[in-house]
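Trainee: Below are the sequence and a predicted model; questions follow.
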Amino acid sequence: MILAIIVIAVAVFIALWATASSSREAETMRKGKDASGLLVITRDSGKKVGKVEDLVLDRQGSRVLGILVDEAGWFREARVVPWSAFHTIGLDTVIIDEEASAKKASEVPEMSEVLEHGNVLVGARVETTDGRELGKIEDFYFDPQTGMVKGFELSGGKGRKFLPASASFQAGKDVAFVDPSAVDTVIDLKEALRATDGV
């Protein structure tokens, strides 16, 4: 009887710990630049596929489409891994399902289009649609579980700022636009990072 109670207590403890752990993971954000250089390994065979050259965002800057593993001379020939093939993005490695998950960019139309158009958010200025400049994008933060972009690190003015991702964000070639109401959402970067528990 006592053994049964101990077993149940341990099972409850493990379940509560796992729930708390997964909710902590869900709250974290990862910096886009931190993924560069990570080793890419397959889950099925443990084979090294390459290293992350860059993360590829959709044209709206709202989610990670996948990773660029190898920048061949032409973007159509570059090797990419779409988000759907990710097993996990860890602190030291990216684990993908299998070697066949790494494809030529031309085989993944959504990623190929972004690569061909050269949509690069880092370095773009952010302005409101009523003409107020908020800063220059230095990096972005994303949820490693979902690939959704959580916000952007901005420079300009005093210190680094954090602009939370919003539906009004529209990425352009040199400038990204947001609604004027986005001005009220910009906070100090350190404050934003503290709020996410362990970036």
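Mentor: It's in. As the structure is a prediction and not an experimental result, all values here were calculated from the model.
Trainee: Near G37, how many other residues are there?
Mentor: A count of neighbours around G37, defined by other C-beta atoms under 10 Å, yields 9. To be clear about C-beta, it is placed using only N, CA and C from the backbone, and glycine gets the same treatment.
Trainee: Just list the residues touching the residue nearest to it when sequence neighbours are not counted, thanks.
Mentor: Nearest non-adjacent residue to G37, counting by C-beta to C-beta, 6 or more residues apart in numbering: K51, 5.7 Å away. Going by C-beta atoms under 8 Å, 6 or more residues apart in numbering, K51 touches 37-40, 69.
Trainee: separation between K51 and V81?
Mentor: According to C-beta to C-beta, to the nearest Å, K51 stands 12 Å off from V81.
Trainee: if we can go back for a sec, columns secondary structure, distance to V178 and pLDDT on top of the contacts of K51, output as a markdown table?
Mentor: Listed next are these as a markdown table, based on DSSP: H, G, I helix; E, B strand; the rest coil; distance: C-beta to C-beta, whole Å; pLDDT from 0 to 100:
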| residue | secondary structure | distance to V178 | pLDDT |
| --- | --- | --- | --- |
| G37 | coil | 30 | 93 |
| L38 | coil | 30 | 94 |
| L39 | strand | 35 | 94 |
| V40 | strand | 33 | 95 |
| V69 | strand | 32 | 90 |
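Trainee: What about these, which one has the most neighbours?
Mentor: Using other C-beta under 10 Å as the neighbour criterion, V40 leads the contacts of K51 with 25 neighbours.
Trainee: correct me, but it touches V49?
Mentor: Yes: assessed by C-beta atoms under 8 Å, V40 is found in contact with V49 at 4.5 Å.
Trainee: Show me whatever sits in contact with both of those two.
Mentor: In contact with both V40 and V49: 69, 81, 96, 102, using C-beta under 8 Å, 6+ apart.
Trainee: among those residues, which two are most distant?
Mentor: Pairwise distances across those peak at 9.2 Å for V69 and I96 (criterion: C-beta to C-beta).
Trainee: and M111, backbone torsions?
Mentor: Dihedral pair for M111: phi -70, psi -40, per degrees, to the nearest 10.
Trainee: Break this structure into its domains for me.
Mentor: Listed domain ranges for the chain are 30-117, 125-195 (source: automatic domain parsing).
Trainee: can you list residues touching both of K51 and V81?
Mentor: Residues within reach of K51 and of V81 at once, by C-beta under 8 Å, 6+ apart, are 40, 69.
Trainee: and the residue nearest in space to the middle of the chain, how far is that from T196?
Mentor: By C-alpha atoms, centre = their mean, the chain has its centre lying nearest to F142, at 3.3 Å. Computed as C-beta to C-beta, the F142 to T196 distance reads 12 Å.
Trainee: Would you mind measuring from S36 to S106?
Mentor: 23 Å.
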